[in-house]
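**Q** Got a sequence here, can you build the structure:
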Amino acid sequence: MATNDLYQSTFMPIFQKAETKIKSLILAAFLYATSLLVLRTQIDGVIAWVNKKIPGDLKDRMAYIRGLKATSEKFILLYYKKPQIAYKLAKQSLDQAVPKGKTAPTVKNPKELLDLVTDKNRMWPEAKASPNVVDYPKVLKKKIEELSQAPAVTYEPGKKPISLWQKAELEVRYDHQMEMLDELKKEGVKYAWTSSHPDCSKRCEPWQGKLMDLENHAKGPNHQVTALDGHPVYSLVDIMAKTDKYGYHNNIICGFNCRHKLIPYKEGVYGPKQYTEKDVAKQRAIEERIRQMERTIRAEATKARLFFESGEIKIAKQLQNRVKILVSKYKEFCNYHGYAWNEYRIEI
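**A** Numbering: from 1, shown residues only. Here you go, the predicted model:
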């Protein structure tokens, strides 16, 4: 796991910074009525920077680049184009509510309209009666919150889109495990136990602590190849080749968040410790809680930045303070349960 974290720390911060920057560009483009051509040029510049910075040996590196491009287009639709509707309706309602003898204020972009609507001294009762006007700041706030939490995802034919974090962890772990498997084969190891740990995922649980044949096939993943010392031996090749309903090889030793390893079989020596369902459920909940805390910290930090750039300084500062508290609780939680925490997993 340390190897994975060390390698991922060389490129995941790059993806995270790019994702946050792209979100900031889209929000700013909407607020200040930047043209779509200029916005896309700015985003292309960010993606070009990513392509230059990430390691050249990163497996399937273009899938990340394609994912950033496709996600950016989705973000543009949801958080640049669609909010235009709320802006136009609010502006139209504001113009229609101008009292007789008064001149409608000049509004050049959504940010100016936001400033006008939220300024009590510049608003008049007739405008405040319009839901389109009154709800305008709420709509924008909701969009900013949605944008802050929306992840950049990969786009691969035949597979469900997954976050860049998930893809990185899956790919890096798979390569690392394949190297270890090759080394075992070179050393003449034919059979190996899969390790066992209490925070095992549900999909890996049936296979942890089991004896595996490293090369031969069986009739299927759930069938035995043979038996040794009275223990059933399964085909690791068949189990790893199995794909989930989303198109991924998401199983023992190479699945999402999987930390299992192979332990060479020795005659007469029984395999790894087996954990009770209660132990597994308890530790699994801790692992899931840590990942959720990391996602929340990244999302809240991104939200703080977006609100700051929208001019909502008070909200931004409140969110920044909240992030500090969340980070402190995250580190405390990890330390208490004996899990390592990594700074790069909570940075934006």
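**Q** Out of all residues in this structure, which is the farthest from the middle?
**A** Distance to the chain centre peaks in the chain at G101, reaching 53.6 Å (criterion: CA atoms, centre = their mean).
**Q** elements contacting the helix or strand hosting D238?
**A** Secondary structure assigned from DSSP states H and E places D238 in helix 236-241. Packed against helix 236-241, as judged by 3 or more CB pairs under 8 Å, 6 or more residues apart in numbering; DSSP states H and E, are the following elements: strand 211-213. No exception for glycine: its C-beta is placed from N, CA and C like everyone else's.
**Q** which neighbours does the strand it packs on have in its sheet, and in what orientation?
**A** Sheet pairing of strand 211-213 (DSSP bridges) gives strand 191-194 (antiparallel), strand 231-235 (parallel).
**Q** tell me the average confidence for the helix holding D238?
**A** The pLDDT scores in helix 236-241 average 85.
**Q** What are the contacting residues of that helix?
**A** The contact list for helix 236-241 (CB atoms under 8 Å, 6 or more residues apart in numbering) reads 181, 192, 207, 212-218, 220-221, 223, 249, 251-254, 262.
**Q** which ones among those are found in helices?
**A** Secondary structure assignment by DSSP state H places L181 of the contacts of helix 236-241 in helices.
**Q** Give me the buried entries from the contacts of helix 236-241.
**A** For the contacts of helix 236-241, a burial check counting by 16 or more other CB atoms under 10 Å picks out 181, 192, 207, 212-214, 218, 221, 251-254, 262.
**Q** which of the strands paired with strand 211-213 is buried the deepest?
**A** Mean neighbour count (mean count of other CB atoms under 10 Å) peaks for strand 191-194 among the strands paired with strand 211-213, with a mean of 22.
**Q** ok, and what's touching that strand?
**A** Contacts of strand 191-194 (CB under 8 Å, 6+ apart): 184, 207-214, 228, 233, 236, 252-253, 260-265, 271-272.
**Q** what does stretch 163-176 give?
**A** Contacts for stretch 163-176 (CB under 8 Å, 6+ apart): 3-4, 7-8, 11-12, 15, 19, 58-60, 63-64, 67-68, 151-154, 162, 248-250, 254-258.
**Q** what about it, average pLDDT?
**A** Computed over stretch 163-176, the average pLDDT equals 80.
**Q** now the buried ones among the contacts of helix 236-241 as TSV including pLDDT and distance to L89?
**A** Output for the buried ones among the contacts of helix 236-241, formatted as TSV (pLDDT from 0 to 100; distance: CB to CB, whole Å):
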residue	pLDDT	distance to L89
L181	85	59
A192	91	64
W207	84	55
M212	91	62
D213	90	65
L214	91	64
A218	85	63
P221	74	55
N251	75	50
I252	79	53
I253	78	54
C254	74	50
L262	87	61
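**Q** Can you name the two of those that sit furthest apart?
**A** Within the buried ones among the contacts of helix 236-241, A218 and C254 form the most distant pair, 18.4 Å apart (CB to CB).
**Q** Can you name the residues in contact with stretch 49-66?
**A** In contact with stretch 49-66 (CB under 8 Å, 6+ apart) are residues 10-11, 14-15, 18, 47, 68, 154-156, 164, 167-168, 171-172, 175.
**Q** wait, what's in contact with S130?
**A** 90, 93-94, 96-97.
**Q** what does the model give it for pLDDT?
**A** 75.
**Q** Same question for E287.
**A** pLDDT, E287: 84.
**Q** just checking, what packs against the helix or strand where it lies?
**A** In the assignment (DSSP H and E), E287 maps to helix 277-309. Helix 277-309 sits against helix 12-31, helix 136-149, helix 313-337, with contacts defined as 3+ CB pairs under 8 Å, 6+ apart.
**Q** Show me which of the ones you listed has the highest average neighbour count.
**A** It is helix 12-31: most buried of the helices and strands packed on helix 277-309 by mean count of other CB under 10 Å, with a mean of 21.
**Q** Could you identify the helix or strand that succeeds it?
**A** Counting by DSSP H and E, what follows helix 12-31 is helix 36-53.
**Q** how far off helix 12-31 does that next one point, in degrees?
**A** Per axes from the mean of the first three to the mean of the last three CA atoms, to 10 degrees, the angle that helix 36-53 makes with helix 12-31 is 170 degrees.
**Q** Keeping just the C-alphas, turn helix 36-53 into PDB.
**A** What follows is helix 36-53, C-alpha atoms only, in PDB (Å, rounded to 0.1, in the frame of the first residue of the first chain):
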ATOM      1  CA  LEU A  36     -17.400  29.600 -24.700                       C
ATOM      2  CA  LEU A  37     -14.500  29.700 -27.100                       C
ATOM      3  CA  VAL A  38     -12.300  31.400 -24.600                       C
ATOM      4  CA  LEU A  39     -13.400  29.000 -21.800                       C
ATOM      5  CA  ARG A  40     -12.600  26.000 -23.900                       C
ATOM      6  CA  THR A  41      -9.200  27.400 -24.800                       C
ATOM      7  CA  GLN A  42      -8.500  28.000 -21.100                       C
ATOM      8  CA  ILE A  43      -9.500  24.400 -20.200                       C
ATOM      9  CA  ASP A  44      -7.400  23.000 -23.100                       C
ATOM     10  CA  GLY A  45      -4.400  24.800 -21.600                       C
ATOM     11  CA  VAL A  46      -5.000  23.100 -18.200                       C
ATOM     12  CA  ILE A  47      -5.300  19.700 -19.800                       C
ATOM     13  CA  ALA A  48      -2.100  20.300 -21.800                       C
ATOM     14  CA  TRP A  49      -0.400  21.200 -18.500                       C
ATOM     15  CA  VAL A  50      -1.600  17.900 -17.000                       C
ATOM     16  CA  ASN A  51      -0.400  15.900 -20.100                       C
ATOM     17  CA  LYS A  52       3.000  17.400 -19.700                       C
ATOM     18  CA  LYS A  53       3.300  17.000 -15.900                       C
END
